[in-house]
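Q: Need a 3D model of the following:
(one chain, ligands or ions: 2)
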Amino acid sequence: MQERRVDVAIIGAGSAGLGAYSAARAHTDSVILIEGGPYGTTCARVGCMPSKLLIAAAETAHHVRDASAYGVHIDGDINVNGRDVMARVKRERDHFVEGVIDSVDNIDAEQRIRGHATFESPDTLLIDDHTRIHAERIVIATGSSPDYPGFLKAAGERLVTNDDIFYWDDLPESIAVFGPGVVGLELAQALSRLGVRVRMFGVNGTIGPISDPDIRDYADRYFNEEFYLDPEADTRNVAHVDDRVEVTFVERDSQREVTERFDYLLATTGRPPNIKGLDIDRACLRMHEDLPVFDRYTLQCQRRDGTPASIFIAGDANTELPLLHEASDEGHLAGDNAGRYPDIRAGHRRSMLTVVFTDPQIATTGQTWAEIEQRDSDSYAIGEVDFKEQGRARVMRQNHGLLRVYGEQGSGLFLGAEMFGPQAEHLAHLLAWCHQQRMTVAQMLEMPFYHPCLEEGLRTALRDLNAALRMGPAMARHYMENGPGS
Ligand SMILES: Cc1cc2nc3c(=O)[nH]c(=O)nc-3n(C[C@H](O)[C@H](O)[C@H](O)COP(=O)(O)OP(=O)(O)OC[C@H]3O[C@@H](n4cnc5c(N)ncnc54)[C@H](O)[C@@H]3O)c2cc1C
Ligand SMILES: NC(=O)c1ccc[n+]([C@@H]2O[C@H](COP(=O)([O-])OP(=O)(O)OC[C@H]3O[C@@H](n4cnc5c(N)ncnc54)[C@H](O)[C@@H]3O)[C@@H](O)[C@H]2O)c1
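A: Ligands and ions are numbered 1, 2, ... in the order given. Modelled structure (predicted):
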């Protein structure tokens, strides 16, 4: 067994771990980055990037199919070639992975090590059975992994997760998707638009990160126009039959028990943090529901007696906001604090922003409806816009969706928003920036709004909210002052 002594050890060379490495290096050369799996990060290999590549192909197929509605007729059959689709997904994915691997290659070989890390004590890590690392400070940046309930294992080899599908050479004919969360919705709609027969099953009625019931119901109706989605499914059986998957379920509308066969069962039922495999009990940390207790501003964990530990936790591993930009921010913060320990600093945390790349997109920012409705009912107000009559959305045949904005009575502060709407990624950024600047709804309405743009829909929702806050005039219907459809 080799023995090493370092100032800072970082477990995991994903997006958070790489950020932690560069921040810790600003304080000391005595840093080691430990990776137990392949280099390349979850985001580039099996996450953000390949999923967006598959969605890009699906959007293209969708636009081509929709072209005749504009009078643009594409003669002949539209042929989605699954092998070509997957070849591009993998080629571009590999390009992104190579970029990450290049940056890892630039790290001094002495400062990185391959192998699975476990705690031997609060300041000692074992790397497989070949190295013992004594580290003054440790950053846990081990990410998360797909997990699924036991009954899905009956699908045998036909059970797949996001770790598998971006290695496919071709598209399947059919797929049953369990879990209408963020991963599931993006993949189910993309596969459906690429011609795959999709059925999607949930358990508790939730759809993605939407907590606002009006938006959830809208999204439920909309997705069901494209593919079968039952967010509260009654699944009776899953079996592996003739090298396919057989799912028996109660069909949503007919309430009949139906048995259908699929090529694959895709489990997108959540991604718990990679904490269990760390022998975390030997780190002697204070735990809550199997996770180390940590401070979100410093990412520092606590010892069992409640005093600060020299262990930090960043990225999906801490489960707070399992998103790429948060993993990267948290990695830098944890690495900086591990480097400067014990003189640690509170880091800047941004306003919450999530985007789901379905069509229409789902986005949330600031406080969610679930947080808002915890308040006294007379302390907030809600404004909304339905995109059905929104001018630019109608021009683009993207006039579907609902945007709801929340504001504080008395102060007029903008509190947050949830939306299911066209190009919501852009509207959500504007709203997140206003939220972080702590703007009032009235201040937001003082900003320029170009015509004809989707942002005019946002202005309608803000005017509606300002009126509900009793800080602006009541909404006028068919108000044409700002141009048609605004
Ligand atoms: C299909 C999919 C689509 C996504 N799309 C988006 C998106 O569009 N936008 C967005 O913001 N986010 C998206 N995400 C989420 C985003 O990918 C993650 O939040 C982000 O990659 C987390 O980074 P991380 O560094 O915490 O984890 P990772 O990148 O997973 O890094 C953790 C690393 O730790 C290693 N490791 C684990 N345990 C050990 C151990 N004991 N010893 C040594 N090494 C270990 C792992 O091998 C891994 O390399 C998506 C996720 C998925 C699955
Ligand atoms: N666009 C993005 O930013 C993006 C894309 C993908 C993933 N991510 C990140 O990855 C995280 C993990 O995503 P995820 O979709 O794996 O998890 P998730 O927690 O978002 O969704 C899991 C879904 O599975 C459902 N579910 C649980 N048990 C089930 C069962 N037995 N049968 C059917 N459904 C069941 C849950 O109700 C939920 O809807 C997200 O929280 C997100 O932060 C982000």
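
Q: Where does this structure get nearest to ligand 1, residue-wise?
A: G14 (1.8 Å; Cβ to the nearest ligand atom). Any C-beta I mention is one placed from the backbone N, CA and C, and that applies to glycine too.

Q: can you pull the contacts of that residue?
A: 41-43, 141, 143, 315-316, 327 (Cβ atoms under 8 Å, 6 or more residues apart in numbering).

Q: try it again with 10 Å
A: In this structure, G14 makes contact with 20, 35, 37, 39-45, 47, 100, 141-144, 274, 314-317, 324, 327-328, 331, judged by Cβ atoms under 10 Å, 6 or more residues apart in numbering.

Q: now G36
A: 11-13, 113-118, 127-128, 142, 274, 277.

Q: and the stretch 201-350 of the chain, which of its residues are near ligand 2?
A: 201-204, 206, 268-271, 322-323 (Cβ under 6 Å from any ligand atom).

Q: Residues of the stretch 201-350 of the chain that sit close to ligand 1?
A: 274, 277-278, 315-317, 322-325, 327.

Q: Which members of those occur in helices, if any?
A: Judged by DSSP state H, these include 324-325, 327 as members of helices.

Q: Can you flag the buried ones in these?
A: 324, 327 (16 or more other Cβ atoms under 10 Å).

Q: would you turn the ones in helices among the residues of the stretch 201-350 of the chain next to ligand 1 into a markdown table with pLDDT?
A: Formatted as a markdown table, those follow (pLDDT from 0 to 100):
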| residue | pLDDT |
| --- | --- |
| L324 | 97 |
| H325 | 97 |
| A327 | 98 |
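
Q: Pick out whichever of the ones in helices among the residues of the stretch 201-350 of the chain next to ligand 1 sits closest to G391.
A: H325 (31.6 Å; Cβ to Cβ).

Q: list the contacts for the closest one?
A: 15, 350, 353.

Q: Now do the phi/psi pair for the spatially most central residue of the chain.
A: Central residue of the chain (Cα atoms, centre = their mean): L323, 5.2 Å from the mean position. Torsion angles at L323 (phi, psi; degrees, to the nearest 10) stand at phi -130, psi 160.

Q: Ok, K52 next?
A: phi -70, psi -30.

Q: about what we covered before: name the nearest residue to the residue nearest to the centre of the chain, ignoring sequence neighbours.
A: T354 (6.4 Å; Cβ to Cβ, 6 or more residues apart in numbering).

Q: my read: M471 touches A442, true?
A: Yes - M471 is in contact with A442 according to Cβ atoms under 10 Å; the separation is 5.8 Å.

Q: Could you list the residues in contact with stretch 430-438?
A: 348-355, 363-367, 403, 405, 411, 413-417, 419, 424, 439-441, 443-444, 447, 455, 458, 461-462.

Q: if I pick I210, what's in contact with it?
A: 185, 216-220, 356, 362-364, 368-370, 418-420.

Q: How about F166?
A: 45-47, 49-51, 53-54, 86, 89-90, 93, 187.

Q: Quick check: pLDDT value at it.
A: Per-residue pLDDT puts F166 at 98.

Q: Repeat that for the one 5 residues further on.
A: Predicted confidence (pLDDT) at L171: the value is 98.

Q: Likewise for the one 10 residues further on?
A: G181 is assigned 98 on the pLDDT scale.

Q: my guess is it contacts R271, does it?
A: Yes - in this structure G181 lies within contact range of R271 using Cβ under 10 Å: 8.9 Å.

Q: The two: which is more packed in?
A: Comparing G181 with R271 by neighbour count (other Cβ atoms under 10 Å), the higher total belongs to R271, at 21 against 17.

Q: The more buried one in helix, strand or coil?
A: Following DSSP: H, G, I helix; E, B strand; the rest coil, we place R271 in the coil state.

Q: Could you list the low-pLDDT ranges of this structure?
A: In the predicted model, the chain carries pLDDT under 70 at residues 477-482, 485-486.

Q: Mind giving me the ChimeraX select for the contacts of G36, buried ones only?
A: Those of these that count as buried under 16+ other Cβ under 10 Å are selected in ChimeraX with:
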select :11,12,13,113,116,117,118,127,142,274
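
Q: Let me have the contacts of G36 in JSON lines, extended by secondary structure.
A: As requested, the contacts of G36 are exported to JSON lines (three-state DSSP):
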{"residue": "I11", "secondary structure": "strand"}
{"residue": "G12", "secondary structure": "coil"}
{"residue": "A13", "secondary structure": "coil"}
{"residue": "I113", "secondary structure": "strand"}
{"residue": "R114", "secondary structure": "strand"}
{"residue": "G115", "secondary structure": "coil"}
{"residue": "H116", "secondary structure": "coil"}
{"residue": "A117", "secondary structure": "strand"}
{"residue": "T118", "secondary structure": "strand"}
{"residue": "I127", "secondary structure": "strand"}
{"residue": "D128", "secondary structure": "coil"}
{"residue": "T142", "secondary structure": "coil"}
{"residue": "N274", "secondary structure": "coil"}
{"residue": "G277", "secondary structure": "helix"}
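
Q: Many thanks, we can stop here.
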